[in-house]
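Asks: no sequence on this one, just coordinates:
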């Protein structure tokens with residue numbers, strides 16, 4: 001890995017990640033790459049809960065949340081076996097969101113956990129029952145009243161990146177430490193087949209919705 005190697009635990013301790021911070025990824029989602037032709041293909045959000053940073057994201061098969069430390073670890077582990085590693089950028093707000101704004105963002109994000117991931121709205125230019133990462137983020141930021149998006153479902157990670165710049169610092173790339181403890185072959189295969197099964201289930205249903 002050519003990027004700077006940092007341990008996520010030390011990173012978050014030295015520079016706390018604020019509520020409303022955005023995570024942009026490259027080489028993370030081939031489907032988005034194909035549809036948008038963009039280098040940046042995923043975006044996620046960070047909300048501090050009881051003083052600890054949590055990541056919220058819309059990703060196949062559904063919206064989820066997890067501790068930021070675990071998110072770093074998940075991507076770093078994924079990169080071990082990848083030819084083109086996922087690249088990771090963090091953008092923090094230039095001015096902290098107020099408690100009221102933060103509460104509105106968290107309330108919306110929590111309400112979406114478990115919602116089906118879908119790019120149908122982006123492709124068809126019409127809001128659907130599912131939601132994709134940039135749409136999820138745009139909807140969250142709309143709750144603060146600081147930004148307005150004509151069609152949240154029509155955003156992609158690259159267009160979103162351009163529109164949020166007035167509220168955020170310049171994105172900085174974060175290097176992720178290669179895990180010291182490598183998973184066994186059996187653990188890796190079990191996880192791979194689990195992810196593959198989940199992806200197949202999501203993609204089959206997503207394809208069916210396009211025919212409706």
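Replies: Arrived safely. Fair warning: this is a prediction, and the values are worked out from it, not measured in the lab. Numbering: from 1, shown residues only.

Asks: quick one: contacts for the most centrally placed residue in the chain?
Replies: In the chain, the centroid-proximal residue (Cα atoms, centre = their mean) is residue 44; its distance is 2.6 Å. Residue 44 is in contact with 22, 23, 25, 55, 56, 57, 59, 71, 133, 137, counting by Cβ atoms under 8 Å, 6 or more residues apart in numbering. Placement of C-beta: from N, CA and C, glycine included.

Asks: Mind checking what secondary structure it has?
Replies: For residue 44, the secondary-structure state derived from DSSP: H, G, I helix; E, B strand; the rest coil is strand.

Asks: Ok, the one 10 residues further on next?
Replies: Reducing the assignment at residue 54 to three states with three-state DSSP gives strand.

Asks: coming back round to it: need the contacts of residue 44 in a markdown table (columns: pLDDT).
Replies: Below are these laid out as a markdown table (pLDDT from 0 to 100):
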| residue | pLDDT |
| --- | --- |
| 22 | 98 |
| 23 | 97 |
| 25 | 95 |
| 55 | 98 |
| 56 | 98 |
| 57 | 97 |
| 59 | 93 |
| 71 | 95 |
| 133 | 95 |
| 137 | 97 |
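
Asks: In TSV, list the residues you listed along with neighbour count and secondary structure.
Replies: As requested, the contacts of residue 44 are exported to TSV (neighbours: other Cβ atoms under 10 Å; DSSP: H, G, I helix; E, B strand; the rest coil):
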residue	neighbour count	secondary structure
22	23	strand
23	25	strand
25	21	strand
55	21	strand
56	24	strand
57	21	strand
59	17	strand
71	21	helix
133	29	helix
137	27	helix
